[in-house]
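Novice: Mind folding the following:
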Amino acid sequence: MFRLLGILITVLFAIATAVVVWPQFFHLEQTYPFAQVVAARGAVLAAFLVVAVLALLLLLAKPLRGFAASVLIVALLGAGATGVIGFQRGFGSDTLPAATDSSIRVLTWNTAGDEVSADEIAGQILDQGADIVALPETTEEVGEQIAVLLREQGHPMWVHHVQFKPDVVDGPKSWHTTVLVSPDLGEYAVIESSEDGTSNTGSVPSAVIMPVSGDGPTIVAVHAVAPRMEDMAQWQSDLRWIADQCPEGNFILAGDFNATIDHMAGLGVEGGDMGYCRDAASRSGNGYSGTWPSSLPALLSTPIDHVMASPSWTATGSVVIDDAGGSDHRGLVVQLEPAG
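Specialist: Numbering: from 1, shown residues only. Predicted structure coming up:
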């Protein structure tokens with residue numbers, strides 16, 4: 001009886017391990033609660049190692065050796081597979097290559113409303129030499145303060161902004177998304193459907209800005225709703241909308257996707273992760289470095305903030321900014337070079 005129970009537990013543990021390691025195979029990557037579990041791959045790896053240690057201890061009990069050995073094997077396989085995925089995506093680098101005449105740098109940072117000051121944001125933009133900045137949860141007023149500070153330092157940027165329910169006084173900062181763009185990329189404007197909300201993410205706003213002059217990329221500052229149990233349908237809809245914003249052409253997506261690249265399985269086209277766009281961090285050695293929550297080490301937190309670019313661009317480097325400045329998100333900066 002106990003032997004059959006041990007076999008049953010081992011089989012269930014093996015199935016759970018397979019689902020947790022690669023839910024895409026079972027088409028469960030956007031299904032509660034698997035979506036939440038796979039988001040925390042660092043914690044999952046730690047859990048597998050804890051189970052492996054417990055199984056090693058159980059090997060000391062002779063009646064449980066067969067059961068313990070089978071659990072140990074499954075846990076080590078789960079940990080190994082998770083580690084291989086982490087190795088492929090990159091455990092982190094802390095430097096960017098030197099900027100070139102043709103490169104651009106893109107910074108995304110969910111500033112959690114007023115938790116990060118305009119001075120701090122402007123300082124990071126200057127330190128990173130950013131040409132495009134996506135700031136979910138940052139108001140237009142703060143964006144303009146940042147632009148003034150940057151102009152005084154010889155780094156001018158245009159400010160663009162989208163707000164849900166602008167008629168509501170003192171609404172939540174999550175209803176705001178601000179984008180700053182260097183004049184070197186040309187003049188930009190927010191498209192009407194993004195501004196009036198007829199085509200946008202559902203609960204918190206994204207901003208689509210297109211070049212009016214120059215040959216710069218179309219820029220989408222992304223903010224998707226978080227995948228809470230009650231918001232799963234809206235989250236799935238937001239991810240589909242974001243993927244649709246990167247058709248063939250010259251596009252850059254940046255912001256708080258509230259999703260890892262695991263959740264994006266099936267949303268990419270011709271090697272892309274979201275539409276034709278490819279995740280820059282995972283292609284430049286930082287795909288495993290988490291951006292949320294900033295209270296946890298990067299390898300234990302979740303990489304839900306992204307910069308993605310169409311095949312017009314090649315990612316040559318990325319950095320997760322360790323100093324979150326009071327926000328629950330770390331910033332991410334990526335360097336891109338024109339492809340070919």
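
Novice: use CA for all of it now, contacts and neighbours both
Specialist: OK.

Novice: how does this structure divide into domains?
Specialist: If you go by automatic domain parsing, the domain ranges for the chain are 2-89, 104-338.

Novice: Turn these into a markdown table, including mean neighbour count and mean pLDDT.
Specialist: Listed next are the domains of the chain as a markdown table, based on neighbours: other CA atoms under 10 Å; pLDDT from 0 to 100:
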| stretch | mean neighbour count | mean pLDDT |
| --- | --- | --- |
| domain 2-89 | 17 | 93 |
| domain 104-338 | 21 | 96 |
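
Novice: okay if I get those as TSV plus distance to residue 96?
Specialist: Rendered in TSV, the data for those read as follows (distance: least, CA to CA, whole Å):
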stretch	distance to residue 96
domain 2-89	17
domain 104-338	5
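
Novice: among those, which is nearest residue 97?
Specialist: domain 104-338 (6.3 Å; CA to CA).

Novice: got the end-to-end distance for that closest one?
Specialist: Distance between the two ends of domain 104-338: 9 Å, counting by CA to CA, to the nearest Å.

Novice: Out of the domains of the chain, which gets nearest to residue 95?
Specialist: Proximity to residue 95, assessed across the domains of the chain by CA to CA, is greatest for domain 104-338 (6.3 Å).

Novice: Figure out how far the closest one is from the centre of its chain.
Specialist: Centre-to-centre, domain 104-338 and its host chain are 9 Å apart (CA atoms, centre = their mean, to the nearest Å).

Novice: mind listing the strands for the stretch 151-300 of the chain?
Specialist: For the stretch 151-300 of the chain, strands defined by DSSP state E, counting those that start in this stretch occupy the ranges 158-163, 176-181, 188-190, 207-211, 218-223, 251-256, 278-279.

Novice: Just tell me which of those strands ends up closest to residue 10.
Specialist: With respect to residue 10, and counting by CA to CA, the nearest of these is strand 278-279 at 36.1 Å.

Novice: And the contacts of the helix or strand following that closest one?
Specialist: Taking DSSP states H and E as the definition, the helix or strand that follows strand 278-279 towards the C-terminus is strand 305-309. Defining contact as CA atoms under 8 Å, 6 or more residues apart in numbering, one finds that strand 305-309 is touched by 106-109, 250-260, 274, 276-281, 291-292, 331-334.

Novice: can you check stretch 52-72 too?
Specialist: Counting contacts by CA under 8 Å, 6+ apart, the residues outside stretch 52-72 that touch it are 3, 6, 7, 10, 13, 51, 73, 75, 76.

Novice: Nothing else from me, thank you.
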